[in-house]
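# Here's a sequence, model it:
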Amino acid sequence: MTVHYRTPGSGPTPAAYDQQYGAGPAQGGHAPQGGYSPQGGYSPQGGHAPQPGAQGGYGQPGYTQPYGSTPSHQGGYDQAYGYGAAPAAQPGWQGGELGPPMAPPPTARKRRGGWVFAVIAAVVVALIGGGGVYAMNLLSGGGAQPEDVLPGDSLVYVRVDLDPSATQKLALFNLARKFPATRDSFSGDDPRKALFELLGKGGAVDGVDYARDVQPWLGDRVGLALRAPAGGSQDEPEVVLAVQVTDEAAARAGIAKLDKGKDMSGLAFREGYAIMAKTQQAADRYAAGSALSSNANFAADLERLGEPGVLSFWGDMGRISKLVPSGDREALGLVQNMRVAGALRFDSAYAELTAVSSGGPASSPGEPGRIADLPASTVGALSISGLGDMVAKQWPTLQKSLESAAGSQGGDFVGMVRQAYGISLPDDVVTLLGKNLTVAVDEQGLDGDLPNVGAVLTTDAAKAKEIVGRLEQAVAASGTTTPQIAKVEADGRLVLASTQDYAAKLGQDGTLGDSETFRTAVPDADSATTAFYVDLDKIEKYYLNSLQGDERASLQTLKAVGISGRQSGDTGSFSLRVLFN
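Numbers count the residues shown, from 1 in each chain. Got it, this is the predicted structure:
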């Protein structure tokens, strides 16, 4: 199964995802597109739900009811997955933690708002590393989101959703089955209780009983926002928390027990959420004021982002930079006017962290990278386009930052580099970086003394070769012994490699782009201006031998890692995917 997420500016709207992939079959209807196959796996073809008594569904007779109802036939679901009892028709996690196990959150410190941040941290840990997955009957994903109640002038926003869209729940369920650690832990029927117990281990909820004080009112979504401090940049940003609730009266009593230190004494309610702030006056103001979802910039960024997954975030770097002391603002450099929105979401084959940006330094679309043209035997590669143009345009800012880091002033830094390495800044660096720089490591040679490592520079090949020669002379003059660099000029490119054979291999068009693993890990690689790829299956033999048990099995489940990014004008997009076997 592969879930195709909407890329910026195209594809279905977020609301269309459940319709496309299925928000659960109606009574007596069809299975969602992408249903379960007779083998028990997720089938991209979908089809009809198996009929009672027929071989299908989960490999045993009878799983024909819609999600959210109990199977009428003994076996089926229970026998296939070993849960022993039919799933209850209530929210629940029937799997376990997702992905390789992670360490529990550190012991909560006694500080202002400690329990608030512990809640956010525990939810993230539970979802990404130590938490569970949902039962198939949790398929709604609708209702108000935290951004619908948090302040419209927020600088930073983080949302965790324990009730995401149907496609996300299905993907989480499938991924969790791949890891040994997910088969036994978090087997209860309430993920919120699991999170509460994580907090309890850290001492963040001492004296609070989950069943009595929390369960009656706690919903599925949590949002945190940071606002500009009222007293100016010298004060800490103001924290506002929105927690979905099902019973306002019970929530008021339960929150009072949780917030014993009155770190956030303000409490108000809006659209099914408890809004917590430092003062009651602030909480009342937020409950009546404009929401973040009505912020035009925020709404536009979330629209470009698409599916928000189980975790999403947003930040306005331009406004945040104004809170940084003037002496430190230069460190923000190229991102000081940028806005960023991102999400953590899942497919049955991979986990993806994706982000979109706007307001960054203006640039031309850039020449697509050549990572897909590398040899099929490539185990790792990095390709970046437009670095040369970026350095040329941003050199005054970069020079100030470099001089500050090196402790030099004015032209002394440029002269020092020329004297030490024989190159002229920024011109020679712009030439070397060129239109595209691709670095690769090959599977062949990893067992030898000298691995096959190389770089392909799309630039003025003759000029770049001369600059590399000057660098080699400078290194040799310093007394440092380095391997000879092989050089090949090919079709407007300069290839540098550890061996002559590998340089010649990189000078020809390869077939890495034909690999399904590569195409999944690096989506739309042919148009990406930034790309990164590591084939873990090809190198796992170098690190698995020292591991045993569940740790070894979990790492064997990891297949590849890929990054793809695009930059055009002042907007960009980014995707990081971790693939699973």
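# how about low-confidence regions in the stretch 201-350 of the chain?
Scanning the stretch 201-350 of the chain with the threshold set as pLDDT under 70 gives 201-206, 231-234, 260-262, 324-335.
# quick one, strands of it?
Taking DSSP state E, counting those that start in this stretch as the criterion, the stretch 201-350 of the chain carries its strands at 218-227, 238-245, 266-270, 273-277, 311-316, 339-346, 350-363.
# looking at the ones you listed, which is buried most?
strand 273-277 (a mean of 25; mean count of other CB atoms under 10 Å). For the C-beta atoms, the positions are set from N, CA and C on the backbone; glycine is no exception.
# What are the contacting residues of that one?
116, 144, 146, 148-150, 219, 221, 223, 238-245, 248, 251-252, 255, 259, 264, 266-269, 283, 286-287 (CB atoms under 8 Å, 6 or more residues apart in numbering).
# can we see that at 6 Å?
With CB atoms under 6 Å, 6 or more residues apart in numbering as the contact definition, strand 273-277 has outside contacts at 149, 240-245, 251, 264, 266-268, 283, 286-287.
# What of stretch 358-378?
The contact list for stretch 358-378 (CB under 6 Å, 6+ apart) reads 334, 337-339, 381, 383, 385-386, 435-436, 438, 440, 442-444, 505, 509-513, 525-529, 531, 567-572.
# Can you say which of those residues are buried?
Buried residues within the contacts of stretch 358-378, counting neighbours by 16 or more other CB atoms under 10 Å: 337-339, 381, 383, 385-386, 435-436, 438, 440, 442-443, 505, 510, 512-513, 525, 528-529, 531, 567, 571-572.
# Is there a neighbour count for the closest residue to residue 336 other than its chain neighbours? I'd like the number.
Nearest non-adjacent residue to residue 336, counting by CB to CB, 6 or more residues apart in numbering: residue 321, 4.3 Å away. The local packing of residue 321 (other CB atoms under 10 Å) involves 17 other residues.
# do the same with residue 574
Residue 574: 18 surrounding residues under other CB under 10 Å.
# Residues in a beta bridge with it, which ones?
residue 355, residue 565 (DSSP bridges).
# pretty sure it is touching residue 566, no?
No. With contacts counted by CB atoms under 6 Å, residue 574 stays clear of residue 566, the gap being 8.2 Å.
# pull the longest helix from this structure.
Across the chain, the helix with the greatest residue count (assigned by DSSP state H) is helix 387-406.
# Toward the C-terminus, what is the element adjacent to that one?
Per DSSP states H and E, helix 387-406 leads on to helix 411-421 as the next helix or strand towards the C-terminus.
# ok, then the element right after that next one?
helix 427-433.
# Name the residues that touch that following helix?
Against helix 427-433 from outside (CB under 6 Å, 6+ apart): 387, 388, 391, 392, 459, 463, 464, 467.
# how about a cut-off of 8 Å?
Identification of contacts with helix 427-433 by CB under 8 Å, 6+ apart yields 387-389, 391-392, 423, 457, 459-460, 463-464, 467-468.
# Repeat that for stretch 278-295.
145, 147-154, 157, 225, 238-240, 263-270, 275-277, 298-299.
# Okay, buried residues for that stretch please.
278, 282, 283, 286, 287, 291, 292, 293, 295.
# Just flag the most distant two among the contacts of strand 273-277.
Farthest pair in these (CB to CB) is 244 and 266. Separation: 17.7 Å.
# How many neighbouring residues does residue 216 have?
Other residues near residue 216 number 16, with proximity taken as other CB under 10 Å.
# And for residue 532?
20.
# relative to helix 387-406, how tilted is the helix or strand containing it?
Element membership for residue 532 (DSSP H and E) is strand 530-535. For strand 530-535 against helix 387-406, the angle by axes from the mean of the first three to the mean of the last three CA atoms, to 10 degrees is 90 degrees.
# And the next helix or strand past strand 530-535?
With elements assigned by DSSP H and E, the helix or strand that comes after strand 530-535 is helix 536-539.
# ok, now which ones touch residue 270?
Counting by CB under 8 Å, 6+ apart, residue 270 has contacts 149, 286, 287.
# Could you count how many residues lie near residue 172?
Using other CB under 10 Å, residue 172 has 27 other residues around it.
# Please apply the same query to residue 548.
Neighbours around residue 548, by other CB under 10 Å: 9.
# Would you check how far apart it and residue 538 are?
22 Å (CB to CB, to the nearest Å).
# Kindly state the domain boundaries assigned to the chain.
As assigned by automatic domain parsing, the chain contains the domains 1-88, 90-346, 364-386+434-575.
# ok, and the closest non-adjacent residue to residue 496?
residue 455 (4.8 Å).
# for residue 357, same thing?
residue 572 (4.5 Å).
# Contacts only, for the one you found.
356, 357, 358, 360, 565, 566.
# try residue 192
162, 214, 215, 218, 220.
# again with residue 235
By CB under 8 Å, 6+ apart, the contact list for residue 235 reads residue 229.
# element containing residue 495?
Assigned by DSSP H and E, residue 495 falls within strand 493-497.
# what's next to that strand, contact-wise?
Applying CB under 8 Å, 6+ apart, the contact partners of strand 493-497 are 452-459, 461, 464-465, 468, 485-489, 503-504, 506-507.
# all helices for the stretch 201-350 of the chain, in order.
Remark: helices assigned in the stretch 201-350 of the chain by DSSP state H, counting those that start in this stretch are 248-258, 280-288, 296-305, 317-321.
# what about stretch 483-502, average pLDDT?
Averaged over stretch 483-502, pLDDT sits at 91.
# Okay, now that stretch: how far is its last residue from its first?
Terminal residues of stretch 483-502 lie 14 Å apart, using CA to CA, to the nearest Å.
# buried set for that stretch?
The neighbour-count check on stretch 483-502 (16+ other CB under 10 Å) flags 485, 486, 487, 488, 493, 494, 495, 496, 497, 498, 499, 502 as buried.
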